[in-house]
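**Q** Pasting a predicted model and its sequence here:
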Amino acid sequence: MKAIALILIGLALLCAHVSYSRTIVPYPSTYVKGGSYNLTVVSNNFKVTVNGAGGSVILSKGIDRYKKLIFFEPSGNKIWGLAEITMLNITVSDNSEILQQGIDESYVLIVDSPVATLKAVTVYGALRGLETLSQLIDYDTTEGGYIVYDAPHNVQDTPRFPYRGILVDVARHFEEVSTLKTILDGMSFAKLNVLHLHATDDQAFPFPSKTFPRLTKGAYDPSLTYSEDDLNDLVEYAKERGIRVVPEFDTPAHALSWGVGYPEFLTANCSWFTQSSDTVNPIQDFTYQLLKGFFTDMTEFFFDDVLHVGLDEVDFSCWSSNPAIVSWAQQKNLTMAGVENYYVSNLNQILLGLKKRISCWEECYDNGLTLPANTIVEVWRDWGSCWGPCKVANVTASGFHTLNSAGWYLDDLTISWQSMYILEPFQYIMNNPAQQALVDGGETCMWGESVNDEVIISRVFPRATAVAERLWSPIQTTNTTDFELRLYEFSCRNTRRGVSFGPWRPAYCLPNGYGSLSPEP
């Protein structure tokens with residue numbers, strides 16, 4: 001009897017989808033849904049006009065892309081008895097395609113008949129509005145046509161934080177460019193805007209360098225490296241979706257792969273290695289020549305102002321076991337912490353010359369390093385007496401910008417989307433606007449030890465979507481029950497679009513992108 005009851009409930013939910021109106025992910029700043037009538041859209045009749053950014057290639061490509069995403073069925077009938085939306089009028093104030101942190105992503109979308117309107121300051125705001133529009137147009141399989149339920153829709157939207165990212169580790173497992181593009185597609189659907197590439201680590205060095213070509217000897221295999229064309233293609237693909245690519249080249253620790261091609265770059269005779277270590281030799285000129293040459297090479301591909309330099313998990317026992325470094329430090333009256341500060345000072349000068357802003361893991365703050373005032377400190381540890389939002393409060397109290405990734409690690413399968421969703425970066429600074437202004441946002445991290453091309457997409461999504469809403473939507477948007485209903489519709493739609501979301505409970509998806517959760521037993 002229990003099984004029969006569940007089946008009947010499931011069928012009722014399926015029937016209810018005939019008139020179900022989807023809602024938006026991430027939830028907008030302000031959203032007023034009329035609910036008084038439905039509208040029809042016919043793909044062959046639907047036109048898009050652009051005012052103010054008609055020459056933008058990014059916007060033009062975005063319009064073409066979203067037409068294909070919205071009108072995924074080759075034909076669509078005009079649904080009888082419904083007024084028709086025949087046009088979308090887009091107005092963009094600034095047609096610049098420059099993409100850096102803090103770019104205006106706001107938009108105003110009104111969906112009504114006969115003309116829907118989308119207004120944005122930038123082309124990137126227009127892209128966010130197109131994504132929202134695509135979530136409001138459904139395909140009615142019964143009528144064989146496209147429909148907008150519960151019109152009119154009035155959306156006034158802007159992100160809560162300027163940095164909303166996903167870290168993807170391509171050093172522990174090499175991820176193909178096609179896989180990274182699929183992740184970028186999923187990010188754009190969730191209005192995430194930063195792909196943080198953890199580019200190198202002890203295990204592999206898959207990035208090319210004209211100045212120091214032997215660095216790729218640290219790759220797993222010559223076939224498992226990115227070409228210059230790969231990097232240009234990836235960054236352009238991301239930019240077309242309003243997504244910045246921020247690379248991370250982690251030093252002075254986690255650098256073993258650098259030393260395969262250039263062993264002199266590393267500290268010799270560490271206490272736990274026979275010949276070399278994973279820690280940079282900070283006292284020789286060659287170290288800084290290599291860093292300057294390589295980072296200069298990378299500026300040809302990565303246009304973003306921010307460069308993540310790691311600075312995490314530095315074990316001073318490596319340097320203290322090297323007689324040359326110990327002698328040098330004694331001559332300069334430096335502790336091993338002072339040696340690290342010397343290294344960072346030189347690194348700062350290199351990046352200052354390249355007009356790059358430093359981002360680093362929280363150890364750069366904990367170790368008391370001398371950092372530029374505009375440094376972005378990323379909080380990552382999820383243990384101890386003061387972690388995550390507590391550490392965010394400490395870092396911002398010291399005047400530094402910060403990101404949170406603590407509690408948002410996707411490689412930890414014990415962390416549910418629910419706990420990711422309710423984690424609040426402002427938890428300890430609710431009444432301190434000055435500190436809140438220093439929180440740039442955050443990111444969820446897909447470390448690569450146990451994921452490859454075959455499984456990474458379903459590990460990233462849907463949990464990354466929970467973080468996406470936390471970083472975009474108003475602070476009061478915290479209802480996990482409401483979000484789960486929207487999330488499953490979002491998952492079904494994006495699986496149809498080619499981004500396969502992993503399931504988290506019994507449910508179904510239909511070919512048109514509809515779906516529903518089964519009731520809990």
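**A** Received the coordinates, thanks. Numbering: from 1, shown residues only.
**Q** Below-threshold pLDDT in this protein: ranges please.
**A** 1-22, 271-276, 518-521 (pLDDT under 70).
**Q** From D297, how far off is the nearest residue in space to A199 that is not next to it in sequence?
**A** Using Cβ to Cβ, 6 or more residues apart in numbering and skipping residues adjacent in sequence, the residue nearest A199 is P247, 4.8 Å away. C-betas here are computed from N, CA, C, even on glycine. Spatial separation of P247 from D297 under the definition Cβ to Cβ, to the nearest Å is 11 Å.
**Q** More neighbours: the two, which one.
**A** Just comparing P247 and D297: by other Cβ atoms under 10 Å the higher neighbour count belongs to P247, 23 against 18.
**Q** ok so, going back, would you pull up how far the helix or strand containing the residue nearest to A199 lies from the middle of the chain?
**A** Assigned by DSSP states H and E, P247 belongs to strand 244-251. Taking the mean of its C-alpha atoms, strand 244-251 sits 13 Å from the chain's own mean (Cα atoms, centre = their mean, to the nearest Å).
**Q** and what of stretch 498-510?
**A** With Cα atoms, centre = their mean as the basis, the mean position of stretch 498-510 lies at 21 Å from the chain mean.
**Q** Likewise for stretch 381-390?
**A** 22 Å.
**Q** Now for T23: which residues touch it?
**A** Shown in contact with T23 (Cβ atoms under 8 Å, 6 or more residues apart in numbering): 31, 33, 135, 486, 489.
**Q** tell me the centre residue of this structure?
**A** G165 (2.5 Å; Cα atoms, centre = their mean).
**Q** where's R486, which helix or strand?
**A** According to DSSP H and E, R486 maps onto helix 480-496.
**Q** Just checking: what are the partner strands of whichever helix or strand comes after that helix?
**A** Of the helices and strands lying after helix 480-496 in sequence (DSSP H and E), the nearest is strand 507-509. Strands adjacent to strand 507-509 in the sheet, as given by DSSP bridges, are strand 515-517 (antiparallel).
**Q** Which positions within the helix or strand harbouring N89 qualify as buried?
**A** Per DSSP H and E: N89 is located in strand 87-92. Residues of strand 87-92 classed as buried by neighbour count (16 or more other Cβ atoms under 10 Å): 88, 90-92.
**Q** Can you name the residues in contact with that strand?
**A** Here strand 87-92 has contacts from 46-53, 56, 59, 63, 114-123, 125-126, 129, 133, using Cβ under 8 Å, 6+ apart.
**Q** 6 Å instead?
**A** Here strand 87-92 makes contact (Cβ atoms under 6 Å, 6 or more residues apart in numbering) with 47-53, 115-120, 123, 126.
**Q** ditto for stretch 230-243
**A** 58, 61, 99, 124, 127, 177, 180-181, 184, 187-188, 193, 195, 245, 301.
**Q** Which single one of those residues is nearest to W380?
**A** Nearest to W380, judged by Cβ to Cβ, of these is L195 at 17.3 Å.
**Q** who does the strand holding P247 pair up with?
**A** In its sheet, and by DSSP bridges, strand 244-251 pairs with strand 194-200 (parallel), strand 306-310 (parallel).
**Q** Now tabulate those strands in JSON lines and tack on distance to P503.
**A** Below are the strands paired with strand 244-251 laid out as JSON lines (distance: least, Cβ to Cβ, whole Å):
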{"stretch": "strand 194-200", "distance to P503": "25"}
{"stretch": "strand 306-310", "distance to P503": "32"}
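**Q** Compile these into TSV and extend it with columns for mean neighbour count and distance to N512.
**A** Compiled in TSV, these are given as follows (neighbours: other Cβ atoms under 10 Å; distance: least, Cβ to Cβ, whole Å):
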stretch	mean neighbour count	distance to N512
strand 194-200	24	30
strand 306-310	23	40
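**Q** Who's the closest spatial neighbour of N281, skipping the chain neighbours?
**A** Here the residue nearest N281, using Cβ to Cβ, 6+ apart, is T267, at 4.6 Å.
**Q** Pretty sure the one you found sits against P323.
**A** No - in this structure, T267 is not within contact of P323 by Cβ atoms under 6 Å, at 11.0 Å.
**Q** So for these two, which sits in the more crowded spot?
**A** More neighbours surround T267 than the other of T267 and P323, with 25 against 10 (other Cβ under 10 Å).
**Q** how close does the more buried one get to N374?
**A** With Cβ to Cβ as the criterion, T267 and N374 are 30 Å apart.
**Q** likewise N193?
**A** Distance from N193 to N374, by Cβ to Cβ: 19 Å.
**Q** what's the answer for R497, then?
**A** 37 Å.
**Q** Ok, F461 next?
**A** From F461 to N374 the distance is 32 Å (Cβ to Cβ).
**Q** neighbour count winner among the two?
**A** F461 (29 against 11).
**Q** ok, now which ones touch the more buried one?
**A** Taking Cβ under 6 Å, 6+ apart as the test, what F461 contacts is 186, 501.
**Q** try 10 Å this time
**A** Contacts for F461 were tallied using Cβ atoms under 10 Å, 6 or more residues apart in numbering; they are 166, 182-183, 186-187, 189-190, 410, 417, 468, 487, 490-491, 494-495, 499-502.
**Q** Over to N154?
**A** N154 sits in contact with 28, 30-34, 108-112, where contact means Cβ under 10 Å, 6+ apart.
**Q** do V306 as well
**A** 100-101, 163, 194, 196, 244, 246-248, 356-359, 374, 376, 440.
**Q** Equivalent analysis for P323, please.
**A** So P323 contacts 268-269 (Cβ under 10 Å, 6+ apart).
**Q** returning to what we had before: just the buried residues of the contacts of N154.
**A** Applying 16+ other Cβ under 10 Å to these flags 28, 33, 108-112 as buried.
**Q** Including secondary structure and distance to T478, could these go into CSV?
**A** Below are the buried ones among the contacts of N154 laid out as CSV (DSSP: H, G, I helix; E, B strand; the rest coil; distance: Cβ to Cβ, whole Å):
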residue, secondary structure, distance to T478
P28, coil, 15
K33, strand, 20
V108, strand, 25
L109, strand, 24
I110, strand, 27
V111, strand, 26
D112, coil, 30
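**Q** mind putting the residues you listed in a markdown table, distance to A393 included?
**A** Putting the buried ones among the contacts of N154 into a markdown table (distance: Cβ to Cβ, whole Å) gives the following:
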| residue | distance to A393 |
| --- | --- |
| P28 | 28 |
| K33 | 37 |
| V108 | 34 |
| L109 | 35 |
| I110 | 39 |
| V111 | 40 |
| D112 | 44 |
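**Q** Show me which of those residues is closest to T402.
**A** Among the buried ones among the contacts of N154, and counting by Cβ to Cβ, the member closest to T402 is P28, at 25.6 Å.
**Q** gap between that closest one and A116?
**A** 15 Å.
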